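Enquirer: Here's my sequence, what's the structure:
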Amino acid sequence: MGKVRAIVRCKIVPSLINYYTVTDMKKLSKMRLFYHLSMFLLVLLLMACKKNSADNETKAAEGTLVKPNYNRSSVFRNPLDGWVMYAGGDNEAYWDTDFYVPDLGKRVKALDYASACYIRTSWTKLNPTNGVYAWRDPSSPLGKLIKGAETRGVPIAFRIVVDGRDQGLNTPQFVFDAGAKYYLENSSFPTRRTPYPQDPIFKQHYAKLIEELAKDFNDPKKTAFIDAYGLGKWGEAHNVIYEDPNTSNGQNTERLKEEVFDWVTDLYTQKFTKVPLVINYHRLIGHPLSWGAANINSDKLLVKAINKGYSIRQDAFGMTDYYQSWEKNFAKTWNFKRPIIMEGGWITTGTHRYWTDPSGKYREGHPEDVRQGEFDASAEAAVNMMDFRAGDIESWFAKSFSLVQRFVSEGGYRLYPDQVYLPEKINSGTETTITHRWRNMGWGYFPNNIPQWNYKYKVAFALIDASNTVKKVIVDDKSEPSAWLKNNPVSYELKTAVGVPAGTYTWAVAIVDTTNENKPAIKLSVNGDITTAGWLKLMNVQVQ
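Expert: As a prediction, the model looks like this:
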């Protein structure tokens, strides 16, 4: 410490001499000089205290320090994290679609960058006739599409659309044949029927569909998430029809809206207990209108769903006339409490006139401008997942690949232990201490707190023998990955006895699923020696 003090004195004293000229020194009273010297000394004292505190914290850790090497660029398929690839029809081969990337000088598969496959489909396609479910028929196009994602190792996500106003018969004919009431917007298109969601016959058959779907997809190995509302135009939860708008005076709207909202969110939460559920945080959630000022009950309804276990998504990222302050503030309220999934609003390959966006940032013929707008809005909202939508995927790879890579590196969550203190020698029955520190390098968060996961993911250490067999797993129950936020490393001290026979082992670490035999479940963002089971090897240890 004597050397440090000498260096500090050499730096401070000349600075005082330079600061105060001889003339100035004469002008200053002794009291003022004493005041300035005191301030300098106080700053030095505070700096010394801070440094000593940090030194003491490091010295308090026992064992040998291991610093795993962070991986900032690889794609890791983790739950509720990363890119979502949207299905482009019912062709299984679509999952293998590749695109030329000028930045790389080669073609790549979009699916290699995705963590989930999203199927937005109609009730009719899923359930064409009463008691028949297309996903259970491996020869059906939809069955092949779902199986295709599964065989490629990517989980599925669903949205089920029932509104038929501009798409056709999205609710199957047998529901109407059974007597379900509906609205027909244009008699020239008699199949474009939209059922009234409060109708008891509609509810009966829809509940049966969701029950059957849950039997096969309430499984986190198969299912990434369920977009669990599906009413309204395109299933986006706005422009929901409860009564004929030509005759309704609107007096029943708020009552019907809440009753239907409660029913459909209860239905999904009761049937899907193991996979995440999401809902569009729209300012007119469940309302007959598509746009306007936020409805007074929108926040209340969305909070109801969130309290039941829903996470949130939004379908208009990059559309600055639709994604405004209300949506941004809602996202901020729920940041790091519930994960956010984004979907871009503009379709740059269709009829959308994206260059008319009020931001003035999008040029006609330049979809990369829209991609940048979507990326910027996603960063502001700290989203966990972004979308590769059918029809717009190519522009991400051909014109905005740097943004694809940036989201991989910067978005969602990227977890790793940057410091682990471990003993090199231990007695089998004696308590030892492991000190470990974790970082999240992404702008999102690891949503271990959602009810469907219920804090099931924890840090665990393993002792592995020479044949790579795990002989002991030690779970740190106090570790909580949902608390790991960017620029905020979190440390834990685990005291444990290993209880294994004497011999040489390797320490390893992982984030495990405590509901699945404490097996590694989350891919860590590291370069290192990782076993096929997912354990990151750290160093050898001798057990005596």
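Enquirer: which residues in the chain form helices?
Expert: Taking DSSP state H as the criterion, the chain carries its helices at 2-19, 22-27, 30-60, 123-126, 141-151, 173-177, 200-217, 253-271, 298-308, 325-334, 367-381, 393-398, 401-410.
Enquirer: by contact count, what packs against the shortest one?
Expert: Contacts defined by 3 or more CB pairs under 8 Å, 6 or more residues apart in numbering; DSSP states H and E place helix 123-126 against strand 156-161, helix 200-217. From N, CA and C alone the C-beta is placed, and that goes for glycine too.
Enquirer: Same list (the ones you listed) but as CSV, adding distance to residue 482 and mean pLDDT.
Expert: Listed next are the helices and strands packed on helix 123-126 as CSV, based on distance: least, CB to CB, whole Å; pLDDT from 0 to 100:
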stretch, distance to residue 482, mean pLDDT
strand 156-161, 21, 97
helix 200-217, 24, 98
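Enquirer: Pick the most buried one from these.
Expert: Per residue and on average, the most neighbours among the helices and strands packed on helix 123-126 fall to strand 156-161, with a mean of 24 (mean count of other CB atoms under 10 Å).
Enquirer: List the neighbouring strands of that one plus their orientation.
Expert: Sheet pairing of strand 156-161 (DSSP bridges) gives strand 114-122 (parallel), strand 223-227 (parallel).
Enquirer: The first one relative to helix 141-151, how many degrees between them?
Expert: Counting by axes from the mean of the first three to the mean of the last three CA atoms, to 10 degrees, strand 114-122 points 170 degrees away from the direction of helix 141-151.
Enquirer: wait, what's in contact with residue 385?
Expert: Residues counted as contacts of residue 385 (CB atoms under 8 Å, 6 or more residues apart in numbering) are 80-84, 115-116, 339-342, 412.
Enquirer: Just list whatever residues bridge to it.
Expert: Counting by DSSP bridges, residue 385 forms beta bridges with residue 82, residue 341.
Enquirer: Quick check, pLDDT for it.
Expert: Reading off the confidence values, residue 385 has pLDDT 98.
Enquirer: And residue 396, by the same measure?
Expert: Looking at residue 396, its pLDDT is 98.
Enquirer: next one: residue 91
Expert: We note a pLDDT of 85 for residue 91 in this prediction.
Enquirer: any idea how far residue 451 is from residue 477?
Expert: 19 Å (CB to CB, to the nearest Å).
Enquirer: Among these two, which residue is more densely surrounded?
Expert: Remark: of residue 477 and residue 451, residue 451 carries more neighbours, 15 against 11, as counted by other CB atoms under 10 Å.
Enquirer: Surely that one and residue 310 touch.
Expert: No. Between residue 451 and residue 310 there is no contact under CB atoms under 8 Å: 9.2 Å.
Enquirer: what's the spacing between residue 236 and residue 280?
Expert: Distance of residue 236 to residue 280, computed by CB to CB: 6 Å.
Enquirer: got it, and residue 542?
Expert: Distance from residue 542 to residue 280, by CB to CB: 56 Å.
Enquirer: out of the two, which sits in the more crowded spot?
Expert: residue 280 (23 against 12).
Enquirer: got a list of what the more buried one touches?
Expert: 227, 229, 236-238, 312-315.
Enquirer: Now render those as a markdown table, adding distance to residue 493 and pLDDT.
Expert: Putting those into a markdown table (distance: CB to CB, whole Å; pLDDT from 0 to 100) gives the following:
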| residue | distance to residue 493 | pLDDT |
| --- | --- | --- |
| 227 | 41 | 98 |
| 229 | 44 | 97 |
| 236 | 48 | 95 |
| 237 | 45 | 95 |
| 238 | 49 | 96 |
| 312 | 35 | 98 |
| 313 | 38 | 98 |
| 314 | 40 | 98 |
| 315 | 44 | 97 |
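Enquirer: Name the member of the residues you listed with the most neighbours.
Expert: Using other CB under 10 Å as the neighbour test, the contacts of residue 280 are led by residue 314, with 28 neighbours.
Enquirer: Residue 281 is in contact with that one, correct?
Expert: Yes. Applying CB under 8 Å, one finds residue 314 in contact with residue 281, separated by 5.5 Å.
Enquirer: Now the common contact residues for these two.
Expert: Both residue 314 and residue 281 are in contact with 327, 331, where contact means CB under 8 Å, 6+ apart.
Enquirer: shared neighbours, residue 236 and residue 280?
Expert: Common contacts of residue 236 and residue 280, defined by CB under 8 Å, 6+ apart, comprise residue 315.
Enquirer: what about residue 253, how many neighbours?
Expert: By other CB under 10 Å, neighbour count at residue 253 equals 19.
Enquirer: I'd guessed it sits against residue 286; true?
Expert: No. Checked against CB under 8 Å, the pair residue 253 and residue 286 is beyond contact range at 9.3 Å.
Enquirer: Identify the bridge partners of residue 543.
Expert: residue 426, residue 503.
Enquirer: what's the burial count for it?
Expert: When neighbours are counted by other CB under 10 Å, residue 543 registers 19.
Enquirer: Ok, residue 500 next?
Expert: Neighbours around residue 500, by other CB under 10 Å: 15.
Enquirer: residue contacts, it?
Expert: Residue 500 makes contacts with 428, 463, 471-472, 543, as judged by CB under 8 Å, 6+ apart.
Enquirer: Restrict the residues you listed to the buried ones and give me that as a PyMOL selection.
Expert: To isolate the buried members of those in PyMOL, using 16 or more other CB atoms under 10 Å:
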select buried, resi 463+471+472+543
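Enquirer: Check the contacts of residue 500 and tell me the two furthest apart.
Expert: 428 and 471 (11.3 Å; CB to CB).
Enquirer: ok, residue 357 to residue 346 distance?
Expert: Distance, residue 357 to residue 346, by CB to CB: 7 Å.
Enquirer: Can you pull the domain assignment for the protein?
Expert: Following automatic domain parsing, one gets these domains for the chain: 2-59, 64-73+414-543, 82-410.
Enquirer: Give me the distance between the two termini of the second one.
Expert: Put plainly, it is domain 64-73+414-543. Terminal residues of domain 64-73+414-543 are spaced 15 Å apart (CA to CA, to the nearest Å).
Enquirer: quick one: average pLDDT of it?
Expert: Mean predicted confidence for domain 64-73+414-543 is 97.
Enquirer: where's that domain relative to the chain centroid, distance-wise?
Expert: Its chain's average C-alpha position is 22 Å from that of domain 64-73+414-543, according to CA atoms, centre = their mean, to the nearest Å.
Enquirer: contacting residues for the most centrally placed residue in the chain?
Expert: Centroid check for the chain by CA atoms, centre = their mean gives residue 384 as the closest residue, at 2.7 Å. Neighbouring residues of residue 384 by CB under 8 Å, 6+ apart: 80-81, 339-341, 411-413, 444-445, 447.
Enquirer: Strands - which of those land there?
Expert: Counting by DSSP state E, the contacts of residue 384 place 340-341 in strands.
Enquirer: If we only consider the contacts of residue 384, which is nearest to residue 215?
Expert: Nearest to residue 215, judged by CB to CB, of the contacts of residue 384 is residue 80 at 22.5 Å.
Enquirer: pretty sure that closest one is in contact with residue 276, am I right?
Expert: Yes. Here residue 80 reaches residue 276: they are 6.0 Å apart, a contact under CB under 8 Å.
Enquirer: Name the residues contacting each of these two.
Expert: Here residue 80 and residue 276 share the contacting residues 224-225, 311, 339, 447, scored by CB under 8 Å, 6+ apart.
Enquirer: What is the nearest of those residues to residue 67?
Expert: residue 447 (27.2 Å).
Enquirer: Name all residues that make contact with the closest one.
Expert: Neighbours of residue 447 in contact, by CB under 8 Å, 6+ apart: 80, 276, 311, 338-339, 384, 453, 482.
Enquirer: Buried members of these into PyMOL, please.
Expert: In PyMOL syntax, the buried subset of the contacts of residue 447 is picked out as below (16+ other CB under 10 Å):
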select buried, resi 80+276+311+338+339+384+453+482
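Enquirer: does residue 476 really touch residue 494, like I thought?
Expert: Yes. Using CB under 8 Å, residue 476 is in contact with residue 494, at 4.6 Å.
Enquirer: contacting residues for the nearest residue to residue 129 once chain neighbours are set aside?
Expert: Leaving aside its chain neighbours, residue 129 sits nearest to residue 174 (5.8 Å; criterion: CB to CB, 6 or more residues apart in numbering). Contacts of residue 174 were listed using CB under 8 Å, 6+ apart, and they are 129-130, 205.
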